[in-house]
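> Structure for the following, please:
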Amino acid sequence: MLTNSRTPCEKWGQNLESSNDKFSCVCNASLITTLTIYDTVKERKICEDICQKNQLLNNQVFDNLCQNTNLAQHSSNCKYKYINRTSRFGNMESSLNMIEIAYKNWRHDNDCVHCDLHYNFQYQNYCIAKILLRPYLNYDSFWQAATTHYNYNELKFAAFFCISLHNNTACNHLANLCVTAFYAVGKNSPCNRFLLTQASETLYRYGGMDDQLLGREIKPFLYYRKEFQSLGMFTSHFYLKVSFKSLCQDLKLLALRQKNNHLNIFETIYDVGGSLHIWGPMKLSSMNLCSKLDDSNFVRFRLATEKVKCSLTLENLIDIASLYGRNRYISWFLNYTTKEEPQRILMQTLPILIEDLNKENEPLQGRDWLLVKRFQLIYFYTHQNIKNDLPTYENSYKLSIYRFGRYVERVELHTVIFEGNQIGVPLIKMKYRYLDFSQNLTLDSRLPFEFVISFVRQGEQSINEVLNELSFPMLLLFTVALTLLRMWGLLRQRQGISASPLSSVNNEDFCSITLVEFLLQLADYTSFALLIYFLLYVYLNSLIYYTQNYAELTLPLLKGYNYLQFVMCAAAVLKLITTSIKFWHLSHFNVFFIDWERPRYSDTNNINLKSNFETSSACSNAGSPANKCMVSAWRSIFLINEWVRLSSSQKTSTLFQNFATYIAFNIFATDAVTHNDSTLKLFVFTLSSLTIYCLQYVLHNTLITHLLGNPMQTFINHCSLANISIFVLIEPSSGYYIHGRSPNGFTDTDVPTIITEFQRENQSLCERRGLLNNADQCYIIIPPKNLYNYFNKLLLRLQRSVDSASAIRGDNNGIFQTRYHKDISRAEGSLEKTSIAYSNINRFFCAFVDHGIKDMDYIIKEKTLLERLLNCELNQHINESKGTFYEDKSYSFNHLFLYGHDFHLFILHFLILTAVYSLFTNALVAVVVFENFLSLLDFSNVVSADESSTKTQVPTRNEGENTSRNF
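Coordinates of the predicted model:
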């Protein structure tokens, strides 16, 4: 770690001053008599004036030099600095450890403009004794891609200045050569010294290396120590509670309240020679090659795994490499403060993982990662001897001057957030791409680049774990409890049915039916539980992410997206099965229209039907108007048409629902909102669907119902207008009753009479329409046990007569002329039986409603609040001879139609649509697939007009049946 405080160099010795980069101390070379002595073992530097210490140096040259003030001044004619061993302390062993740098070759000829290459090496403005470079000559054998013509001879000199003279610039130069060689490992690699002293706890000695230099780590630190520092780096964290609302372009994380809790990233950039080029706050735009392409503002990140992708041409990369040259060797530091010392700013080097550096750097090998601290963004290597006659403006010129190159094709800034919203050291993950210009590359070749910022949270129990461990088991238990409660209510309704002597259901069949119903009910409730679990999973994660001030959730929100797909598909399949069976059941219940007026019969096809209906009906309060004229059949046909219309209509439009969801999703699911996260996209998609449905539902229940009226209440009014009640038996122990008996006693009359009767009803001059002279006309019924058995007997006679008439009509289609008169007589008998059977059923229900049957009666009561909440009947007054009518103010009989199952249909559609979207992650595909599937799954056909005659038990001819179907 480094501090930003600068201690004066005088503290470490005389004549020391800060270097240009402010990171090291150098000798003050204002006089030519300045002598710099380096201790290669103790890592110290001594700066003295030889004129002040000449008593230790018995040399006449020094005496003459120091006595001449003009000669002692620094001369601009000097060309070299001379580096050699020194025997200053008069100790042979210590002289091996001491190396001096002088501005004149005072030991020999007092020269400063010549360098004898027979005994010395010339490097830059230094004349170095060959004996000093002997341990470093083996670096000349390093033939690597990095050893191009302009840095091949630099390697041994950089190693000498760095290791022996502790020169900070030379060490940075050596580190940069290691980066240029792509961290090549080998005996004579520029990375060798860094790798041995920094990347491992155990130091290995290679032949040719000075033994006394092996026990010391050289700086800058290019590697992280394996195992020890790698593990500590990712398990330790800073005691900072950081707000991420201000996460912006320069990755500055500012707290909302605490002034000292701030965090940013500091950047240093060196040129290849080791000189500091740039230092200051890191800009993400400098790492984004895409911004170099279009010069756009960098994206703002918000705790999401954000990706910036683009494709660059090879020409773009060559231009960027030319712009950078050899002057961008980058290191990043984490700049932070601590709770204990809020005024002290600390810096931690960010670890860099080169994923394609070696096998140990694979994603799952975290313990063995070889992490580095410096990298190069892009670099292209030219030929050593460039002889190109092509004009520089030709495109082929750019391709001919380069051998190969490397550039970072993927950069990921990965941050771990620990317990208490504390941040760990970010990890920089990089992946390079190698480009060989000898291959078929053109300037227009497209090359990918991706910049990623990712966050992951560790150390705290996430909301997903709470949902999995707590809410999901609770939902399943609640589902089982509701199923058991529902089945308990059904069993109470059916008690004694299987044991009744008139029942056709034995105990084994009863138990098997109950088990199947239990499984179906459990499947239905389970689909709801899975839907609730799915919504909790998606919505809680999304809402917490969108509203968080601190790092509570990061993207991607869901690591196991396939698990969520399985939940949705399972819920959709269960709901589809239960809904299909439910609508199949809707097509098999019994409905009877109780006609409170006298049926109308006339001579048709010379058929004379006898009846004793000339007297007033015992079931009707109609007086003389009903006796004076025969009633018509328009009332029954009218109600059947209304029934069919309600059976196939819905409150909301599925087609509008789907395409409105698609449009809303495309409007709101932008990258700025979803951050390209699957969970957030799913959140926007489902929220759009739910919102559209809620808008449709509210609009229907307010505006449309206000303008057109409630269809259920309208249907009840039509029943009163037709003077017909409706008795529905869903099963032997439950059903519905709609009391449509007209308070006027008759409705089959002329228009003036009807208007007059309506006026009397509005003025309360007659009885009210309800069963108890009140406004309640709808009831949930639990009939007496004997009613269903007796009704089955009457219904059996009706069905036999209808089947007989149908058989006669089928025969007439084959041999019409020869059997005409015979079939007419048979038809007269069949129709007469049908009419009598229908009339008997009608009289039976009329008598039952009017309490006219001694062994079959009922009471009327209201459901308690608990019964309404649980949708069951707890206190049933039911036995073989007495049933219960529960007042129904919520029009529960609408469950007989599609109109009343609108919510269940929406849930089914929502589950299927969401499941398809989760599989394809495309809203348009989901809508198209769902609409095609919906065209095959048309529940309106199940409860269509084809079954109207069977369910209503209204006897009809072929013409009447065709009329009903057309309606």
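> Give me the mean pLDDT for stretch 484-503.
For stretch 484-503, mean pLDDT rounds to 64.
> scratch that, stretch 771-790 is what I was asking about
For stretch 771-790, mean pLDDT rounds to 80.
> Identify the residues contacting residue 136.
156, 157, 159, 160, 163 (CB atoms under 8 Å, 6 or more residues apart in numbering). Every residue, glycine included, has its C-beta placed from N, CA and C.
> Tell me the spacing between residue 857 and residue 771.
14 Å (CB to CB, to the nearest Å).
> Surely residue 884 and residue 781 touch.
Yes: under the contact definition of CB atoms under 8 Å, residue 884 touches residue 781, with a separation of 7.2 Å.
> list the residues that contact both of the two?
residue 858.
> and residue 688, what pLDDT?
Value for residue 688, per-residue pLDDT: 95.
> Can you say which helix or strand has it in it?
helix 678-699 (DSSP states H and E).
> That helix packs against which elements?
helix 507-547, helix 561-586, helix 654-668, helix 671-674, helix 902-920 (3 or more CB pairs under 8 Å, 6 or more residues apart in numbering; DSSP states H and E).
> ranking the ones you listed by burial, who's on top?
helix 902-920 (a mean of 21; mean count of other CB atoms under 10 Å).
> what packs against it?
Using 3+ CB pairs under 8 Å, 6+ apart, helix 902-920 sits against helix 507-547, helix 561-586, helix 654-668, helix 678-699, helix 923-936.
> Residue 870 is nearest to which of the ones you listed?
Closest to residue 870 of these, according to CB to CB: helix 507-547, at 13.0 Å.
> can you count the residues close to the residue nearest to residue 594 when sequence neighbours are not counted?
Distances taken as CB to CB, 6 or more residues apart in numbering put residue 725 closest to residue 594, at 4.1 Å, once the chain neighbours are dropped. Counted with other CB atoms under 10 Å, residues neighbouring residue 725 total 22.
> Paired strands for the helix or strand hosting residue 725, with orientation please.
Per DSSP H and E: residue 725 is located in strand 724-731. Here strand 724-731 has these sheet partners by DSSP bridges: strand 590-595 (antiparallel), strand 734-738 (antiparallel).
> Mean pLDDT, mean neighbour count and distance to residue 676 added to those strands, as CSV?
Formatted as CSV, the strands paired with strand 724-731 follow (pLDDT from 0 to 100; neighbours: other CB atoms under 10 Å; distance: least, CB to CB, whole Å):
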stretch, mean pLDDT, mean neighbour count, distance to residue 676
strand 590-595, 85, 23, 54
strand 734-738, 88, 23, 52
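> which one of the ones you listed lies closest to residue 382?
Closest to residue 382 of these is strand 734-738 (CB to CB; 89.9 Å).
> Residue ranges in the stretch 451-600 of the chain under the pLDDT threshold?
459-464, 493-513, 549-556, 559-560, 598-600 (pLDDT under 70).
> circling back: export the helices and strands packed on helix 902-920 to a markdown table and tack on distance to residue 909?
Formatted as a markdown table, these follow (distance: least, CB to CB, whole Å):
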| stretch | distance to residue 909 |
| --- | --- |
| helix 507-547 | 12 |
| helix 561-586 | 10 |
| helix 654-668 | 6 |
| helix 678-699 | 9 |
| helix 923-936 | 7 |
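> And those helices: which comes nearest residue 437?
Between those, helix 678-699 lies closest to residue 437; by CB to CB that is 39.8 Å.
> The closest one relative to helix 507-547, how many degrees between them?
Angle of helix 678-699 versus helix 507-547, following axes from the mean of the first three to the mean of the last three CA atoms, to 10 degrees, is 110 degrees.
> in the strand or helix carrying residue 640, what's buried?
Assigned by DSSP H and E, residue 640 belongs to helix 634-647. If you call a residue buried by 16 or more other CB atoms under 10 Å, then helix 634-647 has these buried ones: 635, 636, 637, 638, 639, 640, 641, 642, 643, 644, 646, 647.
> Now do it: which elements does it pack against?
Other helices and strands packing on helix 634-647, by 3+ CB pairs under 8 Å, 6+ apart, are strand 590-595, helix 711-722, strand 724-731, helix 948-952, helix 958-966.
> Only alpha carbons, please: show the second one as CSV.
Coordinates of the C-alpha atoms in helix 711-722 are reproduced here as CSV (Å, rounded to 0.1, in the frame of the first residue of the first chain):
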residue,chain,number,x,y,z
PRO,A,711,-74.5,-8.1,-17.8
MET,A,712,-75.4,-10.4,-14.9
GLN,A,713,-78.0,-8.0,-13.5
THR,A,714,-79.3,-7.5,-17.1
PHE,A,715,-79.7,-11.2,-17.5
ILE,A,716,-81.6,-11.4,-14.2
ASN,A,717,-83.9,-8.6,-15.4
HIS,A,718,-84.5,-10.5,-18.6
CYS,A,719,-85.4,-13.6,-16.5
SER,A,720,-88.1,-11.5,-14.7
LEU,A,721,-89.2,-10.0,-18.0
ALA,A,722,-89.6,-13.6,-19.4
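> what does that helix rub up against?
So helix 711-722 is contacted by 635-636, 638-639, 642-643, 646, 649, 725-726, 738-743, 747, 769, 777-778, 891, 893-894, 899 (CB under 8 Å, 6+ apart).
> tell me the average confidence for it?
86.
> Now do the buried residues in it.
By neighbour count with 16+ other CB under 10 Å, helix 711-722 contains the buried residues 711, 712, 715, 716, 718, 719, 720, 721, 722.
> between these, which is nearest residue 477?
Closest to residue 477, out of all of these and judged by CB to CB, is residue 712, at 35.5 Å.
> and the gap between the closest one and residue 863?
Residue 712 is 18 Å from residue 863, by CB to CB.
> Then residue 427?
63 Å.
> How about residue 138?
With CB to CB as the criterion, residue 138 and residue 863 are 97 Å apart.
> between those two, who's got more neighbours?
Higher neighbour count among residue 138 and residue 863: residue 863, with 21 against 17, using other CB under 10 Å.
> who touches that one in this structure?
780, 873, 886, 887.
> Lowest pLDDT pick from those?
Out of the contacts of residue 863, that is residue 873, at 71.
> Please verify my assumption that it contacts residue 861.
No: between residue 873 and residue 861 there is no contact under CB under 8 Å: 9.9 Å.
> Which neighbours do those two have in common?
Common neighbours of residue 873 and residue 861 are listed as 884, 886 (criterion: CB under 8 Å, 6+ apart).
> So, low pLDDT: which residues of the stretch 751-900 of the chain?
Ranges of the stretch 751-900 of the chain meeting pLDDT under 70: 751, 753-754, 757-759, 762-768, 773, 775, 801-830, 874-879.
> Tell me where it has strands.
Here the stretch 751-900 of the chain has its strands, by DSSP state E, counting those that start in this stretch, at 778-782, 857-861, 882-887.
> out of those, which comes closest to residue 734?
Comparing the strands of the stretch 751-900 of the chain by CB to CB, strand 778-782 comes nearest, at 5.9 Å.
> Could you dump the strands of the stretch 751-900 of the chain into JSON lines and include mean neighbour count and distance to residue 654?
Listed next are the strands of the stretch 751-900 of the chain as JSON lines, based on neighbours: other CB atoms under 10 Å; distance: least, CB to CB, whole Å:
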{"stretch": "strand 778-782", "mean neighbour count": "22", "distance to residue 654": "27"}
{"stretch": "strand 857-861", "mean neighbour count": "15", "distance to residue 654": "38"}
{"stretch": "strand 882-887", "mean neighbour count": "20", "distance to residue 654": "32"}
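> Determine the three-state secondary structure at residue 744.
Recorded secondary structure, residue 744: coil (DSSP: H, G, I helix; E, B strand; the rest coil).
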